[in-house]
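Q: Got a predicted structure plus its sequence, pasted below:
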Amino acid sequence: MRILLYSYNYYPEPIGIAPLMTELAEGLVKRGHEVRVVTAMPWYPKSQIYDGYRGELYRTEERHGVKIQRCYVRTSPKRSFFNRALFELSFMVLSFFQALRGWRPQVIILTVPGLPVGIPASLLGWLYRCPTVLNLQDILPDAAVHVGLITSQKAIKVFETLERYNYRTATNITVIAEGFRDNLLAKGVPDEKITLIPNWVNVDFIQPLPRETNEFRRVNGLEGKFIALYSGNIALTQGLETAIDAAVLLRDRPNLAVVIVGEERALERLRDYCRDKGADNVVLRPFQPREKLPDLLAAADVGLVIQKKNVIAFNMPSKIQVLLASGRAIVASVPAGGTAAQAIAASSGGLVVPPEDPAALAEAIRELHDDGDRRHRLEAASRQYALDNYAFTAALDRYEALFAKLSKR
């Protein structure tokens, strides 16, 4: 088949949706399909276009058999509704004309975030007379509203209108967790229009590695430490201050360190918070190159998943699959009824504690620090669950079957 993948994010961006969409496109090519990707110049997570891509309106590349068609986007490291609107508008308009420059697809798949991309994607589906598949990685605008990113009632109404438009015009909607399905059903989306395909992890790339010879530990002076690791996006849905407050309560364990790996700009804010709290057992480090991700994850004794209490059924952290595949026990400070808690409970690979409760988080970390046998049982369950449920080949099978069914229809 000829498949058009429409996404804000793609290689070489190191985290978030980009690695997933890159693996999906390249996996489809390996199975004999033709894939072209319409995407932005790389800009995430620093909200700045990467060196080597600046000053261009369009660029077309090829990597591992995938045709990558990029367009300019207006970015700004300063977060505001106005800057985000300019970003969305620039991608919506410029990507549409880039998508017209190429062969006619038999199916279009687009990712959310964000919502405005549904407009050019639906127009392309109409022009090319092909089905469109909406892949929900977050449910917007619910996520933005609940964390306070959007407060204007007018803006909320605009995004809710875009959300309804996307659900109505998409031929099929793929969701990554059952909680997402429940959210859509409550909004009147027909169940037959929804397909559950969880995000995946490359279990051959991410796998358990020894702690004793770990390079990340050696380079950062962490040899012999018990490490509770958070690695990933530091955004409004997380509330990493909870992890820092927990670290303060864990100073009675001198060999224990809380390590937070993230985008440098976000780390500056956390660095000030650590200084104010006296959290000298917190280590802050910038993102590592993607090829070093398995080594970074192997440095952990436990992996942390942190969410605020109002994040329930509109966000599913992709780090959960990655931590499970790395064979590490998870301590999750997340809402008990949310999608993250459900996934961790199903895996039997971690502990779930109430969100925004530093004492509960500290107690769970202390428990696994002191009980090595229990931690090892969680580690074994983590890896096995990832092999059974999040292998990339299974997700690829489901996408292939869905595309074939929709194109025949």
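A: Happy to help now that I have it. Numbers count the residues shown, from 1 in each chain.

Q: hey, let's count contacts and neighbours off CA atoms from now on
A: OK.

Q: The residue located most distally from the centre of the chain and residue 353, how far apart?
A: Of all residues in the chain, residue 252 has its C-alpha farthest from the mean position, at 33.7 Å, by C-alpha atoms, centre = their mean. Distance, residue 252 to residue 353, by C-alpha to C-alpha, to the nearest Å: 20 Å.

Q: what does residue 372 give?
A: From residue 372 to residue 353 the distance is 19 Å (C-alpha to C-alpha).

Q: Could you check which of the two has the larger neighbour count?
A: residue 353 (21 against 12; other C-alpha atoms under 10 Å).

Q: Residue 361 is in contact with that one, correct?
A: Yes: using C-alpha atoms under 8 Å, residue 353 is in contact with residue 361, at 6.3 Å.

Q: Overlap of the contact sets of the two?
A: 331-333 (C-alpha atoms under 8 Å, 6 or more residues apart in numbering).

Q: Ranking helices and strands of the protein by mean pLDDT, which lands last?
A: Lowest by mean pLDDT, DSSP states H and E among the helices and strands of the chain is helix 142-146, with a mean of 71.

Q: Next secondary structure after that helix?
A: Per DSSP states H and E, the first helix or strand lying C-terminal to helix 142-146 is helix 153-169.

Q: Check which helices and strands that following helix sits against.
A: Contacts defined by 3 or more C-alpha pairs under 8 Å, 6 or more residues apart in numbering; DSSP states H and E place helix 153-169 against helix 118-128.

Q: Of all the residues in the helix it packs on, which ones are buried?
A: 118-122, 124-125, 128 (16 or more other C-alpha atoms under 10 Å).

Q: And that helix, how far out from the chain middle?
A: Distance, stretch centre to chain centre, for helix 118-128: 25 Å (C-alpha atoms, centre = their mean, to the nearest Å).

Q: Just want the angle from it to helix 153-169.
A: If you take axes from the mean of the first three to the mean of the last three C-alpha atoms, to 10 degrees, helix 118-128 sits at 30 degrees to helix 153-169.

Q: Which elements pack onto helix 118-128?
A: helix 81-99, strand 107-112, strand 132-136, helix 153-169.

Q: if we can go back for a sec, quick check: the gap between the residue farthest from the centre of the chain and residue 326.
A: On the measure of C-alpha to C-alpha, residue 252 and residue 326 end up 28 Å apart.

Q: swap in residue 240?
A: Look at residue 240 and residue 326: by C-alpha to C-alpha, they are 22 Å apart.

Q: Could you check which of these two has the larger neighbour count?
A: Neighbour totals were compared for residue 240 and residue 326, and residue 326 leads with 28 against 20 (other C-alpha under 10 Å).

Q: State the pLDDT value of that one.
A: pLDDT for residue 326: 96.

Q: hmm, who's touching stretch 366-384?
A: So stretch 366-384 is contacted by 207-208, 226, 250, 302, 323-330, 347-350 (C-alpha under 8 Å, 6+ apart).

Q: Stretch 285-292 now?
A: So stretch 285-292 is contacted by 14, 231-232, 259-264, 267, 296 (C-alpha under 8 Å, 6+ apart).

Q: distance between the ends of it?
A: Using C-alpha to C-alpha, the distance between the terminal residues of stretch 285-292 is 13 Å.

Q: Stretch 21-41 now?
A: OK, stretch 21-41 end separation, C-alpha to C-alpha: 15 Å.

Q: Buried ones in it, by neighbour count?
A: So for stretch 21-41, counting by 16+ other C-alpha under 10 Å, buried means 21-29, 33-41.

Q: Most neighbours among the shared contacts of residue 353 and residue 361, which one?
A: residue 333 (29 neighbours).

Q: That residue bridge partners, please.
A: Counting by DSSP bridges, residue 333 is bridged to residue 306, residue 353.

Q: Next up, the contacts around it.
A: 304-307, 352-357, 361.

Q: just those now: which is nearest residue 90?
A: Using C-alpha to C-alpha, residue 307 comes nearest to residue 90 of those, at 30.8 Å.

Q: so what's the closest one scoring on pLDDT?
A: On the pLDDT scale, residue 307 is placed at 89.

Q: try the one 5 residues further on
A: Each residue has a pLDDT score; the one for residue 312 is 62.

Q: again with residue 87
A: pLDDT, read off for residue 87, is 93.
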